[in-house]
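Predicted model, plus sequence, below.
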Amino acid sequence: MTHPSPLSDHSLQQAANEFSTVILPWWWENGIDRERGGFFTCWDNRGQRLASEDKYTWSQGRFVWLLARAANLARSGVLDLDVSADDLVEAAQRGAEFVLQHALLDDDTCHFAVAGDGTPLDQPRSVYADLFVVMGMAELGAATNDDHWTRSIVGLARRASQEISEGTAPTPPYAVPAGHRAFGPQMILANTVWEIASSLERQGRQQGDVLQGLRRCVTTMLAHRQPSGDFAELMPTDPADPLESLVARHRVPGHALEGLWVALLSDELLASHGAERTSGPSTEEMLDSIGVLCEQGWDHEVGGLLHYVDRDGGEPQGSTVGTEYEALVQRTWDTKLWWIHTEASYVTALAAQRHGHELSARWHQRIWDYTMETFPGRDQGAEWIQIRERDGEPLDTVVALPVKDPFHISRNLMQLAELRGSAS
């Protein structure tokens, strides 16, 4: 069905230009370890100082994905880049080889981090690192049409999926509070399986079991949607829980918005193969949730989307028991983070461009304007300054990992570039 798009191409072209002239050139120059392999991402928030040459597997896998995806879009004419697609693929392959040699373990898990030369560091394992390696190899498989890369991570993907399904997956840097089921691992797993399915499709390879897995993963993720249209980040496993703790009441609008584009694109992919769509909320209900989440997360005092909010809006409320996660929510709820804004910019544009959703178009323009006014470094720092105070001023602190990771910015800018003229 064709929907007239209420979205102009201006922000989409701006996104393509920002990636091609600002983001990729900076990381191409500063992020690649051309001597030993892998990538440098332990830059400070302003991109002025490399704090460490340690290589977090989380970011290594995502950097492989970034380079491979940029190459694919350059070849298809979506992006006009100064770096050739062949050079991007070569750099992605060298990074992937570094990861497979130094980070991938025989038990189908990954080291969380290694030193600059690949020596393992004593860090707790995280299923997120495993899944981001899977994403990177899947996209590299599409860029090279070589199934070596996807075959190399079959066991890794299978184990991560099983652990998330069983609720046993380790999730550093943030542990899932006891007695709760978390949205984050479900969302990243769904995203990863969508990446695998998309890669296999572009390689002309069999997808049957993967499509079934995709439907299951997205359906499980969407079970976090509440009757109000927002999403519970953490759901108590005890149905008798009164839902009045801070953990139960708090929301992460950025995570839910990211999950919604995964769900919308997954349904498109399933439909293109004649497969049954995900069960749970309808497309219309998912589109309604985008507006609910944007409104819930929007800071009406100074603009921008808040990191954590209460289910009724504003500062998270509720009883606490003194966990590190509760302290994190209370300490950082009003920060303004890069990834929340770029993920929101993309899902609102997707809803407007592909589904003719007018409310999403209005939210897109509002969020995009704030994003471009706030996060680019300009005279305060290189590339983008990703972590900001509530009022938008730079906040030189660590979020999740001590890295300046280009993944969310790059992915969402490239996704926005792909939407140009794609109303359907």
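That came through, no problem.

and stretch 268-287, what's its mean pLDDT?
Summarised as a single mean, pLDDT over stretch 268-287 is 94.

Off-centre distance for it?
20 Å (CA atoms, centre = their mean, to the nearest Å).

Next secondary structure element downstream of the one helix or strand V262 maps to?
Under the criterion of DSSP states H and E, V262 resides in helix 253-272. Toward the C-terminal end, the helix or strand that comes next after helix 253-272 (DSSP H and E) is helix 283-297.

can you pull the buried residues of that following helix?
For helix 283-297, the neighbour count (16 or more other CB atoms under 10 Å) marks T283, M286, L287, D288, S289, I290, G291, V292, L293, C294, Q296, G297 as buried. Every C-beta, even on glycine, is put in place using the N, C-alpha and C of the backbone.

The third one contacts R354, doesn't it?
Translated: L287. No - using CB atoms under 8 Å, L287 makes no contact with R354, being 10.0 Å away.

ok, residues contacting stretch 261-281?
187, 190-191, 194, 197-198, 201, 207, 211-212, 214-215, 218-219, 221-223, 225, 283, 286, 289, 343, 346-347, 350-351, 354-355, 415 (CB atoms under 8 Å, 6 or more residues apart in numbering).

got it, and stretch 230-238?
176-177, 179-184, 224-226, 243, 247-248, 250-253, 255-256, 259, 289, 292-293, 296, 311.

mind redoing it with 7 Å?
177, 179-183, 224-226, 243, 247-248, 250-252, 255-256, 292-293, 296, 311 (CB atoms under 7 Å, 6 or more residues apart in numbering).

now stretch 179-193
Stretch 179-193 is contacted from outside by 127-128, 131, 134-135, 157, 160-161, 164, 167, 169, 171, 176, 210, 213-214, 217-218, 220-221, 224, 231-238, 247, 255, 258-259, 262, 266, using CB under 7 Å, 6+ apart.

out of those, which are inside helices?
Among the contacts of stretch 179-193, the ones falling in helices (DSSP state H) are 127-128, 131, 134-135, 157, 160-161, 164, 210, 213-214, 217-218, 220-221, 247, 255, 258-259, 262, 266.

My read is that P124 contacts Y174, right?
No - counting by CB atoms under 7 Å, P124 does not reach Y174; the two are 11.5 Å apart.

More neighbours: which of those two?
Using other CB atoms under 10 Å as the criterion, P124 and Y174 rank with Y174 on top: 14 against 11.

Can you report phi and psi for that one?
Backbone dihedrals for Y174, given as degrees, to the nearest 10, come out at phi -120, psi 110.

Let me see the contact set for the closest residue to it other than its chain neighbours.
Spatially, and ignoring its direct neighbours in sequence, Y174 is nearest to Y325 (6.1 Å; CB to CB, 6 or more residues apart in numbering). Y325 sits next to Y174, A175, P177 when contact means CB under 7 Å, 6+ apart.

any idea how far the nearest residue to L287 once chain neighbours are set aside lies from G318?
Distance criterion CB to CB, 6+ apart; nearest residue to L287, sequence neighbours excluded, is H357 at 4.9 Å. Distance of H357 to G318, computed by CB to CB, to the nearest Å: 32 Å.

ditto for F39
39 Å.

Pick out whichever of these two has more residues nearby.
Taking neighbours as other CB under 10 Å, F39 and G318 compare with F39 leading, 28 against 17.

name the element A71 belongs to?
helix 57-75.

So what would you say the end-to-end distance of stretch 233-240 is?
Using CA to CA, to the nearest Å, one end of stretch 233-240 lies 18 Å from the other.

Compute the mean per-residue pLDDT across that stretch, please.
87.

Just the buried positions in that stretch, please.
Buried positions in stretch 233-240, judged by neighbour count with 16+ other CB under 10 Å: E233, L234, M235, P236.

Quick check, H341 in contact with W368.
No - counting by CB under 7 Å, H341 stays clear of W368, with 8.3 Å between them.
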